[in-house]
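A.B. asks: Model the following, please.
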Amino acid sequence: MKPIKALVIAVIIVIMWSLFASVQVYAQPQAVSVSGHIYSEDGEPLQGVSVYFYIYAKLSFEIIERYYRFITDASGAFNGQIDPRARYIVYIVAPSIDEYIPVKIDLSEVDTLKVNSMKIEVKMKRAATVRIAGSPIFIGGVPLRFTLTVLNREGQPYSEAEGTVEVETIEQKLAIKPEYLHEYGQSNDAYILSKISGFSMEKAYVPYKEAVRLKLLYTVFDERDRLLKKIETTLGSYEAPLEIGDEGYLVDVTHISLKAVIETERRDIDYARSLIAEYEALGFYLVEENRMLHEAEKLVNDAQRLWSEGKGVDEVVPLLEKVYTLTRDIIPRKIYFVRDIAWEGGIVLPVFLALFSAIMAYYFFEDNRKKMMAFFGIYILMVLLFAQLYPGFPLLWKLNKEIFLAATSASFLGIFAFFYLFERYFEEIEVPAKITSMAAISTAFMLAKRFSKLKKFRTSITVFSITILIWAVVTLASFSTVYVKVTSDSPISNPAGRPIITIRKVTNGTVSPLNPLTDYQILSRHYILYPRIQDDLSKSVEIIVKGKVVHHIAGVDPKDPVLSRYVKLNYGEALLPRSFAGLIRPGENITIKFESAEMKFKLNLKVVGFIGEEIAAVKDPDGLPPIVTQSSAKEAQLNVSDIILVSRVTLEDVLKGMASPFSKSLKIYTVAILGMENAQTLANDLLERRGGDYIISFCEGESCKILKYGVKVQGIVEQGFAFLVPIFIVAFNVLATMISIVKERRREIFIFVTAGFNPLHVALVFLAEAVIYGLISGGLGYVLGMATFKLAQLTAISENVLLREKLEWYWGFLAIVISVIVSILGAFKPAMDAAFMFSPTEEKRIKVEAHVREKRRERISTTMASKIYTFSQRISEVEVEIFQPFVVGRLSDLKYGIVEKVENIEEHEEEERPDGTRIRRVTFDYTVSHEVEKPVTLEAELRIIKDAYSENYRVELEVRPKEEAPITLMEHVARIIRDILKDWEKEKDRLL
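C.D. replies: Got it, this is the predicted structure:
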């Protein structure tokens with residue numbers, strides 16, 4: 001064992017010595033000598049040229065430099081030493097940056113620890129300046145960063161520089177080719193040079209008066225398919241290259257990217273057009289969607305015209321935003337909405353077809369066998385007909401044949417079994433021995449059916465008139481569920497006290513970040529914007545403060561119209577959760593560490609206090625908190641125990657220098673807008689530019705409204721009462737028909753009465769005939785209406801005839817119900833005439849005295865629940881101290897009544913709630929003993945309330961029975977208080 005132990009110790013010693021030796025090698029390296037000459041393209045030495053050895057990667061924590069800089073002398077020479085414990089990229093920049101193209105030498109793959117020396121010989125080329133203006137615009141996503149690449153005439157990067165770089169290593173000599181800097185804009189090289197020299201990222205350099213081309217390339221995150229995409233545009237061509245001299249050249253990135261956006265929106269229009277064509281082929285009548293498509297085409301043409309005239313973002317972008325919203329949001333949502341309705345209708349509608357087929361079979365045939373055969377044939381015919389008329393059938397067949405076959409088969413079998421297999425339970429009674437209710441109904445419908453078939457022409461006219469009515473209702477009425485812009489009242493009043501708009505995005509019930517370009521940067525050019533910047537709720541974030549972890553951080557503007565009442569933070573100040581109260585004192589300086597998978601940073605902050613619970617109750621006009629710590633819109637709230645609040649500028653400074661702000665772990669979730677002339681107009685415009693995922697709320701005066709796209713039931717009544725006219729006409733037609741039928745059938749009515757029919761049975765015969773008219777007419781009208789939509793799709797859609805296709809499954813049943821109701825309305829009076837033609841009745845009226853009626857009313861209205869009454873009077877702060885004693889004094893005057901009296905009057909101390917509401921209470925009991933079995937006592941509480949942010953008190957009364965009491969007594973107590981308040985209005989000037 002001893003030799004093994006000695007061997008282990010020896011191995012450990014060798015390993016420790018090796019590690020120590022390697023550390024010594026890294027700790028005490030030998031500097032690398034660098035030297036060289038820089039010349040002009042004519043071979044003349046260049047003096048004052050800066051040669052930067054930028055540290056690309058550090059191999060030791062002891063290196064504190066970011067770069068080494070050497071300057072050439074009069075002979076163009078430079079020399080020096082660099083630390084070998086790093087990897088380098090060399091940049092050569094002329095003393096006048098605009099005079100020569102910068103040169104880059106990539107040494108990042110060279111192991112500097114093995115390098116003995118480097119020698120650089122480079123000729124710099126005279127430059128022409130290209131100015132870079134603006135930044136990329138992209139609709140439907142977020143532009144991330146852009147680069148401007150210099151190409152030669154053939155389209156290859158203009159990078160090959162004249163010169164050599166010799167690197168002498170321990171093992172060999174390396175030759176590295178220098179290259180001209182050819183990527184500008186937001187490229188890594190341009191960013192590095194801007195940090196270490198006077199280089200401007202708003203400039204690019206090309207060979208002086210040489211044929212070149214420029215390629216603008218930018219990356220975007222496209223929300224259409226949630227992918228990163230590259231968009232490029234080349235300026236100049238092989239046939240017509242750019243030759244730039246002293247005059248320079250301007251690359252307007254914004255203007256160029258707008259052209260690409262216009263082309264993108266034209267592709268969006270093609271997408272919407274193909275989507276409409278696909279669903280029109282299934283039978284959908286999409287006239288409104290076609291109108292929106294034409295509107296989008298007009299908008300993109302207008303945008304193209306404005307762009308060609310040199311107009312900027314403010315004129316062009318709003319038009320393109322509307323095009324994107326129409327083609328990628330509103331039109332698809334509308335189509336998918338009606339698709340879902342048609343899918344549901346395709347499953348349920350076969351039930352209507354089977355029912356209507358059974359009605360027709362029962363009407364035309366008496367024999368059961370013929371009924372069954374007719375039912376089968378009519379049902380097959382209706383299914384084939386609706387396969388052409390109703391888009392839900394081909395849609396269901398295309399998407400799921402099994403469900404379609406199951407729905408049609410189950411409907412057929414179900415109705416067949418109900419009417420034919422179970423017919424023995426519902427036999428038609430020819431001559432009943434005793435007229436029961438079921439027998440009367442059966443006989444009435446049997447007689448009505450036979451009577452209607454006797455007068456075929458009159459029946460045809462009546463059925464035709466009702467059919468036309470149902471056709472008109474189905475075709476022209478707007479009663480349906482649609483996907484439209486919806487306006488609703490906000491649950492809160494104006495929190496800012498002046499016109500304000502808030503923008504929020506909610507996708508599938510989840511609060512989503514806004515687009516920093518369109519929702520913030522572009523809007524901020526015209527309006528005063530207050531963005532709420534906070535951590536990305538979809539990612540895991542940790543903010544470490546003195547060893548404790550908080551998961552959220554938000555930046556708040558001290559002038560935020562909603563939050564400024566509660567949070568006013570200057571630059572570098574912070575509010576912490578109250579859990580830090582024992583760990584950190586107000587006024588103490590701290591450093592917080594922000595850590596996420598995408599970014600890390602530190603912030604030096606001064607703690608000015610702790611977050612109060614009242615902030616959690618603050619709401620935007622849309623009813624949601626301005627800052628949320630949960631992504632679910634239904635559960636959105638601010639958890640004040642798990643968030644740090646800082647000033648907005650503090651967080652924005654962290655993001656300065658990043659190519660794409662707000663795209664890593666910090667997002668904008670809401671924006672408050674001030675400075676608009678008409679809040680409602682701007683809010684509607686913003687919603688039309690943003691689409692269905694956005695919620696736009698606005699306040700004007702004290703009230704607030706919420707705008708968003710959603711599902712809404714549009715009723716016929718909204719279009720006026722003109723639709724009632726054809727209903728009255730058809731009902732009058734049925735009335736005239738039924739009156740003539742009654743006059744013709746006096747003999748039959750007399751026979752009914754002598755056979756034992758009472759007036760109800762007689763009336764039922766004529767009502768049943770009207771019902772039969774309605775059943776047949778309703779089904780025929782619905783079929784005719786659906787055929788009209790099919791015809792309109794083929795002929796009227798190009799004329800923009802606005803009809804709303806009735807895809808809901810209930811329209812078939814509703815058509816029958818409406819036709820039956822109209823028929824009954826028309827037949828009711830004639831049926832009553834027939835019922836009493838040979839059976840006069842005596843009308844009796846029971847007279848009740850007034851006091852008995854009053855007693856009954858009180859008994860019916862007895863309750864045990866409390867009731868609250870509010871009054872219109874407002875009491876100022878000055879008046880309230882006199883008002884309360886005045887009320888108490890008047891109540892005290894009622895203490896000594898015999899029939900009714902007030903007892904137990906008690907004044908309570910004023911209380912103040914956490915939200916600032918102040919309440920004064922006066923409680924008393926009201927007892928009445930007149931004309932009641934036992935005394936009734938009501939407990940009453942008079943509240944004098946001053947709401948938060950209100951200048952005056954309001955008055956309300958709550959009355960509560962001790963056991964039970966009539967509501968009339970509670971109303972009497974309210975009248976007593978109302979009379980006292982009227983007396984106060986008369987006497988308050990004297991009392992004050």
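A.B. asks: Bridged to Tyr52, which residues?
C.D. replies: Applying DSSP bridges to Tyr52 gives these bridge partners: Arg69, Tyr91.
A.B. asks: Verify the contact between it and Tyr91 for me.
C.D. replies: Yes: between Tyr52 and Tyr91 there is a contact under CB atoms under 8 Å: 4.4 Å. Yep, even glycine has a C-beta here, placed from its N, CA and C like the rest.
A.B. asks: shared neighbours, the two?
C.D. replies: 193, 196-197 (CB atoms under 8 Å, 6 or more residues apart in numbering).
A.B. asks: top of these by neighbour count?
C.D. replies: Leu193 (23 neighbours; other CB atoms under 10 Å).
A.B. asks: Low-confidence stretches in the stretch 451-600 of the chain?
C.D. replies: Across the stretch 451-600 of the chain, the ranges flagged by pLDDT under 70 are 451-455, 457-459, 474, 476-480.
A.B. asks: quick check, distance from stretch 190-199 to the centre of its chain.
C.D. replies: Here stretch 190-199 is found 42 Å from its chain centre; the criterion is CA atoms, centre = their mean, to the nearest Å.
A.B. asks: ok, Thr164 touching Glu121?
C.D. replies: Yes: the pair Thr164 / Glu121 is scored as a contact, 5.2 Å apart, by CB under 8 Å.
A.B. asks: need the strands for the stretch 451-600 of the chain, in chain order.
C.D. replies: Taking DSSP state E, counting those that start in this stretch to define them, one finds strands in the stretch 451-600 of the chain at 480-489, 500-507, 510-512, 528-535, 541-545, 548-550, 553-556, 573-576, 589-596, 600-610.
A.B. asks: can I get those in TSV with distance to Arg87?
C.D. replies: Formatted as TSV, the strands of the stretch 451-600 of the chain follow (distance: least, CB to CB, whole Å):
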stretch	distance to Arg87
strand 480-489	58
strand 500-507	43
strand 510-512	41
strand 528-535	34
strand 541-545	31
strand 548-550	35
strand 553-556	35
strand 573-576	38
strand 589-596	26
strand 600-610	22
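A.B. asks: a strand runs through Lys705, doesn't it?
C.D. replies: Yes: according to DSSP: H, G, I helix; E, B strand; the rest coil, Lys705 belongs to a strand.
A.B. asks: Packing partners of the helix of greatest length in the chain?
C.D. replies: The residue-count maximum for a helix in the chain (DSSP state H) belongs to helix 759-795. With contacts defined as 3 or more CB pairs under 8 Å, 6 or more residues apart in numbering; DSSP states H and E, helix 759-795 has these neighbours: helix 331-364, helix 368-389, helix 437-454, helix 456-476, helix 724-744, helix 746-754, helix 810-835.
A.B. asks: How far away from the center of its chain is that helix?
C.D. replies: 42 Å.
A.B. asks: same question for it, mean pLDDT?
C.D. replies: The average pLDDT for helix 759-795 rounds to 73.
A.B. asks: ok so, going back, how about TSV for the strands of the stretch 451-600 of the chain, with distance to Asn678 and mean neighbour count added?
C.D. replies: TSV is the format used below for the strands of the stretch 451-600 of the chain (distance: least, CB to CB, whole Å; neighbours: other CB atoms under 10 Å):
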stretch	distance to Asn678	mean neighbour count
strand 480-489	15	14
strand 500-507	10	23
strand 510-512	27	19
strand 528-535	15	24
strand 541-545	39	18
strand 548-550	41	15
strand 553-556	27	24
strand 573-576	36	23
strand 589-596	40	15
strand 600-610	38	16
